[in-house]
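S.K.: Requesting a structural model of the entry that follows:
(3 chains)
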Amino acid sequence: MELLLVIIIGLLYAAGIYMMLRRSLVKLIIGLILLGNGANLLIFLLGKIVKGEPPIIGPSEKMLGEIYADPVPQALILTAIVISFGLQAFAIILIKRAYKVVKTDDLDEMYATDEDL
Amino acid sequence: MLTAVISGFIFALLIPFILGRLKSISTLWVALLPLTLFIYFLSKIPEILAGNTIKTSYQWVPSLGINLDFYLDGLSLLFVLLISGVGTLVFVYTSAYLKGHHYLDRFYAYLSLFMASMLGLVLSDNIYTLFLFWELTSISSFFLIGFNNDKEDSRKSALTALAITGFGGLFLMVAMVGLGQITEVYQISAMAPMAEAIKDHSLYGWVLFFLFIAAFTKSAQFPFHFWLPGAMKAPTPVSTYLHSATMVKAGVYLLARFTPVLGNHEWWNGTLIIVGAITMVYAAIHALFRIDLKGILAYSTISALGILVFLIGLGSPDALLAACIFILVHALYKATLFLVTGIIDHETGTRDVTQLRGLNKVMLPVGIAAMLAAISNAGIPPSFGFVGKDLIYGATLNMGDLAWLLTCLAILTNVALLVAGFVAGIKPFLGKLPEKFENVHLPAPSMYVPPLILATLGILFGLFPGILEGGLIKPAVSSLTGASPDFHLQLWHGFNLIFLLSLITIGSGTVLYFLLKPSESLLKKVTAFDRFSPQTIILGISHGFKLAGKGWTGFFQNGYLRYYLITILGFLSLLLAYRLYLGVDLLINTELMTEVTFYEAVVLLVMAVAILFTVFSKSRLAAVASLGVVGYSFCLIFLFYSAPDLAMTQFSIDTLTVILFVLVLYNLPKYLKLSDNRVRIRDGLLSLIFGALISILALEVMSESLSKETSEYYAENAYILGKGKNVVNVILVDFRGFDTMVEITVLAIAAIGVFGLLKLHLRSTEKE
Amino acid sequence: MKTIIFKSASVYLLPLLLLFSVFILLRGHYLPGGGFVGGLMASIAFVIHSFANGVENTKNIVKFHPGFLMPVGLALALLAGSLPLFMGETFMTGLWMDQPVPVIGTVGTALFFDTGVYLVVIGVTLTIIFTISEGL
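M.R.: Now for the predicted structure:
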């Protein structure tokens, strides 16, 4: 399973970067999201994936048992997911605003009209 | 002494405000500052003469060895008197020369800033404050050269001068740091006793190299001389003060000051003699062919500086005495000639020697001053210049094997300088006055009295050299040689070899003056060689630097996000690939991995398809929808692998993101096909390579065993310390609560940013 | 999307989903859930309502600008973190009541902190979504 996940991570990275290299702003942001997902999955995978043992202490116990999913990457990813939402929202609004002003979502043309803003 | 130095700085700050108030009144009173300083330093003569030195010290940054140590000995005394004395006359002269100029206040401010820095420079005993004042003189000189800042020429020359002297300043700093490292003291006066140890140190050569570059740039030695003729774009008082009498002598001062510390070594003497000799001959010959008065004076100044460096290089007590005398001689006649040039320029509007004739008829006092200066320059008895030239020949003749070679060089230089002096000082005043100059007036006394004073002193000191000998020259020479000097200055030594050499100089110079008529065609022939001059080479190098910088920046900072990305990723890929090439032991241990179940495989397949669809879809809405599918597949993966919190969060965020996208995309245009297939293939390849590298990296990391210390701590203590059973949540709100705190702050900022962006937009549309 | 069924359903869905989000928040310390997820759930509840009834109506329900929730939430979280300072402990030390409160369980500063997170997340999400739909 890990092997398949590794391939998916590579695919996410490749797709994210390919999208970021496009000239369209929308594609840029989609690429950013894909790349972020890839990074999350990478962190998740490197913390060793475990099936069916969530890091939740049982009702009658005081600590986790022998086998449990690593809580640290999970906490990290949770934070990352929420923060990237903020980032995405901001980026999306930025496209919208930029589009309203320069009437294009082509990055190259935005470069050209820099002085006219 | 601190007050003496600081007063100029304070004055520079105040003067624009004072003069702003008193627009109409004559600015003659400004000269009171240098005059006071001059008298103050004159009053120190008896003390110095008694063999004492005056030392004061003020703590500044003691931990770094930077203190305001001031030190007045014979050498500094010679220089401070020169600075404040010529300063007084220049200040007086300026009050008439730039009368009513719009920026006169600014000019005085720069001028007193310069004077203060120069005083600080020659009084500094601490090597770091020496450097500080050194740089201050460069900076104030930059402002003064560029004073006519509406002219492109001025600005360019100012920049060249700053670049060259500032560059030299950096070398000075290195030299000073090196000296500090060798001796571990920071006072120059404390270094002299260690002279032998310094010369044996392995860093000695480097210190010399850096010190020489500093001195040569400042004192316009070959091959850094070319900034000085350019600096003549400055108003004439500046040329007089900075570029003949004081600032350019800073390099000479530096060499003189370090003679007791670093001198008397074959590297020291050899370099200085060679560079000085090249400079003096090269510049003297150049001076012959100029037709601009200031150009002639600039090259003859460079040549005179060459003579000084040459004399310091000779290093014998005779030579050092000659150097001290010549500093004074040169300051007196060269300042006079510059001031006269300024008057001619001011009154006639030209500085072209081929046009100027017969000005004696309209400005006799000016003519007298100029001719006296030319006589002193030529070394005709009974001028002070004669005394100086005698000493120079005396010094070169004592040099053993090389005596005749060096003497010939000195004669050659002196002959050329004599001609240049005659062209600048005599030619404009004799002959028939052209019609167009008949209306020329004698300027205000405050303009012609200063050069008269200087020129008269040049003759007076020649007639009675005894005036100077005790009070000024002896202490100066003794602070150079360290021994009490035994000499007696006099005008007349009787008929001997030296007198014969003087006669030859004067005779052949006068003949040459009548033979060689400066003209434009001759100048053109000479400037044809400029292609090979050091100026062209150095400016070419600096131009090349600029081009290379522009090319480099233009290549990397091209303003296109994707090229930045390509550069970064390409480089990163290369690094990673190289590392992997060096050594990969890809141990894929499938036994340790979890098994693949059918539904997991299906989820991953869906995800892969969704990713590809997102990338290749032609419709944005479809791309966003499949992005949502990718996100929901993530939820499932998190769910399969024991991360319920993540699954829930991912689910909600994914929903919100898709909603956001749909809300916004409604208003955006359709995708356009903006790139051709070649670009797409290139990008695709790069991203695939990078993705593959990341995958390999992930496999590499997975084969390493992880330290679970942190996780175990959290797992064991989540309930005991945090009283929670959902360990992820306990980490977020308790163990790492502060991080979460910051995180929600960031979120709030993002929301405010969104809000602000849209409100800003509404306002700008309202304006339209 | 403004069908009658969806519209009338959303009226009942809103309080139910909000209740659910509070439930998620409260149980977060023991079971999957917590401030982040709870806050996002609550936001989704409002978003669904606004889809059915229009943004204006949703805003009328909330009465005040959701942006106000951000400083309130931040202040609550900061207060929960600095409460131990008054007890002579270091910043962000967890403090707990001795007796569990019925339904909610043991109450401690962590719960207040998580509530702060919950409020901030609602404030941020709603501000963003409302601002965008207004700008259209």
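S.K.: Now do the contacts for B:I66.
M.R.: Going by Cβ atoms under 8 Å, 6 or more residues apart in numbering or on different chains, B:I66 touches B:60, B:126, B:128-129, B:186. Bear in mind the C-beta positions are built from the backbone N, C-alpha and C, glycine included.
S.K.: Show me which helix runs longest in chain A.
M.R.: If you go by DSSP state H, chain A has its longest helix at helix A:71-102.
S.K.: wait, what's in contact with B:E600?
M.R.: So B:E600 contacts A:1, A:4, B:637, B:640 (Cβ under 8 Å, 6+ apart).
S.K.: ok, 7 Å please
M.R.: Contacts for B:E600 (Cβ atoms under 7 Å, 6 or more residues apart in numbering or on different chains) come out as A:1, B:640.
S.K.: quick one on the thing from earlier: nearest to B:R155 among the contacts of B:I66?
M.R.: If you rank the contacts of B:I66 by distance to B:R155 using Cβ to Cβ, B:T129 comes first, at 30.1 Å.
S.K.: Spatially nearest residue to the closest one (excluding sequence neighbours)?
M.R.: Computed as Cβ to Cβ, 6 or more residues apart in numbering or on different chains, the closest residue to B:T129 that is not its neighbour in sequence is B:L68, at 5.9 Å.
S.K.: and that neighbour, what element?
M.R.: Using DSSP states H and E, B:L68 sits in strand B:66-72.
S.K.: what do you get for B:A234?
M.R.: Counting by DSSP H and E, B:A234 is part of no helix or strand.
S.K.: now it: how far from chain C?
M.R.: 60 Å (Cβ to the nearest Cβ, to the nearest Å).
S.K.: list the contacts for B:V730?
M.R.: B:718, B:722, B:724, C:29.
S.K.: tell me which element it is part of?
M.R.: Taking DSSP H and E as the definition, one finds B:V730 inside helix B:727-730.
S.K.: avg pLDDT for that helix?
M.R.: Averaging pLDDT along helix B:727-730 gives 85.
S.K.: buried sites along the strand or helix carrying A:L32?
M.R.: A:L32 is part of helix A:25-46 when elements are defined by DSSP H and E. Across helix A:25-46, burial judged by 16 or more other Cβ atoms under 10 Å in any protein chain shown covers A:25-42, A:44-46.
S.K.: With stretch B:684-691 instead?
M.R.: B:684, B:686-691.
S.K.: Next, give phi and psi for the spatially closest residue to B:G263 that is not a sequence neighbour.
M.R.: Distance criterion Cβ to Cβ, 6+ apart; nearest residue to B:G263, sequence neighbours excluded, is B:G315 at 5.8 Å. Here the main-chain torsion angles of B:G315 (degrees, to the nearest 10) amount to phi 80, psi -10.
S.K.: What about B:G315, how many residues nearby?
M.R.: Neighbourhood size, B:G315 [other Cβ atoms under 10 Å in any protein chain shown]: 22.
S.K.: Now do the contacts for it.
M.R.: B:263-264, B:269.
S.K.: Tell me which residue in chain A sits closest to chain B.
M.R.: Proximity to chain B, evaluated over chain A using Cβ to the nearest Cβ, is greatest for A:A14 at 3.0 Å.
S.K.: before we move on, what SS does A:R22 have?
M.R.: For A:R22, the assignment made with DSSP: H, G, I helix; E, B strand; the rest coil gives coil.
S.K.: Skipping its backbone neighbours, what lies nearest it in space?
M.R.: A:L28 (6.7 Å).
S.K.: wait, doesn't that neighbour sit right on A:Y18?
M.R.: No. Here A:L28 does not reach A:Y18: they are 11.1 Å apart, not a contact under Cβ atoms under 7 Å.
S.K.: Overlap of the contact sets of the two?
M.R.: With Cβ under 7 Å, 6+ apart as the test, A:L28 and A:Y18 reach no residue in common.
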